[in-house]
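Asker: No letters, just coordinates:
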């Protein structure tokens with residue numbers, strides 16, 4: 001009888017352990033889903049805030065979209081002599097515009113930002129003009145996605161950024177890196193601040209060899225002159241999107257992968273989580289009449305989401321919308337570009 005009772009006791013204990021393990025697993029799954037939902041909702045809230053500010057900006061600026069917009073052909077008034085020197089094209093002019101904002105509104109760290117050459121500033125820093133518009137700090141909290149842990153860390157401690165982001169350099173810390181905590185998790189397609197595509201009469205911002213390298217062709221053209229009236233399909237055209245799917249997977253997924261699902265806001269102000277694979281494939285603005293989409297090489301930096309399944313050739317999609325502001329990203333066919 002004793003051995004039989006002991007056997008039953010062991011079975012009961014094992015059953016209890018199994019039940020507790022299942023319960024713990026369910027709690028962990030529920031907790032993870034809760035965190036994922038919170039991050040996703042937080043990102044959507046950030047994008048709604050951008051949409052609200054964009055609407056106000058349109059009303060105050062003759063329908064223009066916000067963007068860094070110093071011109072390479074005009075002398076721009078700046079309180080910093082080094083930023084008033086001649087500009088070497090659009091890239092240099094807009095980089096000086098960003099540096100000017102960071103020095104004025106970036107606190108002690110922003111004040112150390114040098115004049116930076118070879119900086120495609122509009123990719124991750126075009127939102128800085130909103131600091132001037134809102135008369136606030138260059139550290140705009142709603143510009144950082146809740147799931148972007150690196151940028152969350154950097155933006156909360158700009159002064160200590162170099163201590164944990166980069167190893168010590170033999171010749172000291174390079175101050176150009178101090179700009180990173182002021183960047184954004186969200187991307188704005190180039191058509192919102194650059195001409196839609198290259199023509200004989202105008203240049204534009206173009207992709208280069210990898211996903212984070214670009215060229216200006218020709219070097220000098222006006223940036224930041226795009227208006228709401230140029231958008232033909234406001235509810236189909238993505239205005240901003242999160243740079244990665246930060247939730248729902250073992251590791252973040254770069255937005256360019258077909259299986260990524262990222263929060264995005266459209267020109268009409270509606271914000272959704274959409275799958276990249278559902279969007280139109282886009283085009284190469286240097287060859288606007290070609291039917292083939294742009295394909296770029298994803299070569300991530302250490303803080304960017306990893307390469308998945310060795311897939312590095314990714315389609316441009318809503319970042320390089322066919323026909324630019326006149327195009328359509330979702331829920332309809334692509335609009336042919338007519339140079």
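Answerer: All right, it came through fine. No experiment lies behind these values; they were computed from the predicted model shown.
Asker: Contacts for stretch 93-106 next, please.
Answerer: With contact meaning CB atoms under 8 Å, 6 or more residues apart in numbering, stretch 93-106 is reached by 68-72, 76, 78-80, 83, 87, 110-111, 113-117, 119, 121-122, 125, 128-129, 131-132, 136-139, 158, 179, 182, 223-224. Quick note: C-beta positions are derived from backbone N, CA and C, even for glycine.
Asker: which of the residues you listed count as buried?
Answerer: Buried by 16 or more other CB atoms under 10 Å: 68-72, 78, 83, 87, 110, 113, 116, 119, 121-122, 125, 128-129, 131, 138-139, 158, 179, 182, 223-224, out of these.
Asker: just for the stretch 51-200 of the chain, where's the confidence low?
Answerer: Within the stretch 51-200 of the chain, the segments meeting pLDDT under 70 span 162-173.
Asker: Could you rerun that using 80?
Answerer: 75-76, 160-175, 200 (pLDDT under 80).
Asker: I'd like the secondary structure assignment at the residue lying closest to residue 111 once chain neighbours are set aside, please.
Answerer: Spatially, and ignoring its direct neighbours in sequence, residue 111 is nearest to residue 103 (5.3 Å; CB to CB, 6 or more residues apart in numbering). Secondary structure assignment for residue 103 (DSSP: H, G, I helix; E, B strand; the rest coil): helix.
Asker: Next one: residue 103 from residue 66, what distance?
Answerer: Distance, residue 103 to residue 66, using CB to CB, to the nearest Å: 19 Å.
Asker: So if I had to pick from the two, which one is more boxed in?
Answerer: Between residue 103 and residue 66, residue 66 has the larger neighbour count (other CB atoms under 10 Å), namely 24 against 19.
Asker: Please name the residues that touch the more buried one.
Answerer: Contacts of residue 66 (CB under 8 Å, 6+ apart): 53-54, 57, 126-127, 129-130, 133.
Asker: Considering those residues, which is situated nearest to residue 219?
Answerer: Nearest to residue 219 among these: residue 126, at 19.0 Å, using CB to CB.
Asker: The stretch 51-200 of the chain: helices as residue ranges?
Answerer: With DSSP state H, counting those that start in this stretch as the definition, the stretch 51-200 of the chain shows helices at residue ranges 90-105, 107-110, 122-125, 129-134, 149-156, 161-165.
Asker: can you tell me which residues contact residue 281?
Answerer: 293, 315-317, 322, 334.
Asker: Kindly recompute the last result at 7 Å.
Answerer: For residue 281, the contact set (CB atoms under 7 Å, 6 or more residues apart in numbering) comprises 293, 315, 317.
Asker: can you count the residues close to the residue lying closest to residue 88 once chain neighbours are set aside?
Answerer: Nearest residue to residue 88 in three dimensions, chain neighbours excluded: residue 219, at 7.1 Å (CB to CB, 6+ apart). Residues within reach of residue 219, counting by other CB under 10 Å, total 14.
Asker: Could you verify my assumption that residue 219 touches residue 92?
Answerer: No - using CB atoms under 7 Å, residue 219 makes no contact with residue 92, being 8.6 Å away.
Asker: What pLDDT is listed against residue 330?
Answerer: We have a pLDDT of 98 for residue 330.
Asker: Can you give me the separation between it and residue 204?
Answerer: 23 Å.
Asker: between these two, who's got more neighbours?
Answerer: Set residue 330 next to residue 204 and count neighbours by other CB under 10 Å: residue 204 wins out with 23 against 19.
Asker: can you pull the contacts of the more buried one?
Answerer: 194-195, 197-198, 217, 285.
Asker: Among the residues you listed, the buried ones, what's the PyMOL command?
Answerer: Selection of buried members from the contacts of residue 204 for PyMOL, criterion 16+ other CB under 10 Å:
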select buried, resi 194+195+197+198+285
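Asker: got TSV for the contacts of residue 204, with distance to residue 310 too?
Answerer: Below are the contacts of residue 204 laid out as TSV (distance: CB to CB, whole Å):
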residue	distance to residue 310
194	32
195	35
197	31
198	32
217	31
285	28
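Asker: The contacts of residue 204 in strands, which ones?
Answerer: With strands defined by DSSP state E, the entries of these inside them are residue 217.
Asker: Which residue ranges of the chain form strands?
Answerer: Going by DSSP E, the chain shows strands at 186-187, 204-207, 214-217, 238-242, 244-245, 253-254, 261-266, 271-275, 295-297, 313-315.
Asker: can you pull the pLDDT of the residue nearest to residue 88?
Answerer: So, for residue 219, pLDDT stands at 91.
Asker: gap between it and residue 323?
Answerer: Counting by CB to CB, the gap from residue 219 to residue 323 is 24 Å.
Asker: hang on, residue 295 packs against residue 313?
Answerer: Yes - counting by CB under 7 Å, residue 295 does reach residue 313; the two are 5.2 Å apart.
Asker: Of the two, which one has the most company?
Answerer: Using other CB under 10 Å, the more surrounded residue of residue 295 and residue 313 is residue 295, with 15 against 9.
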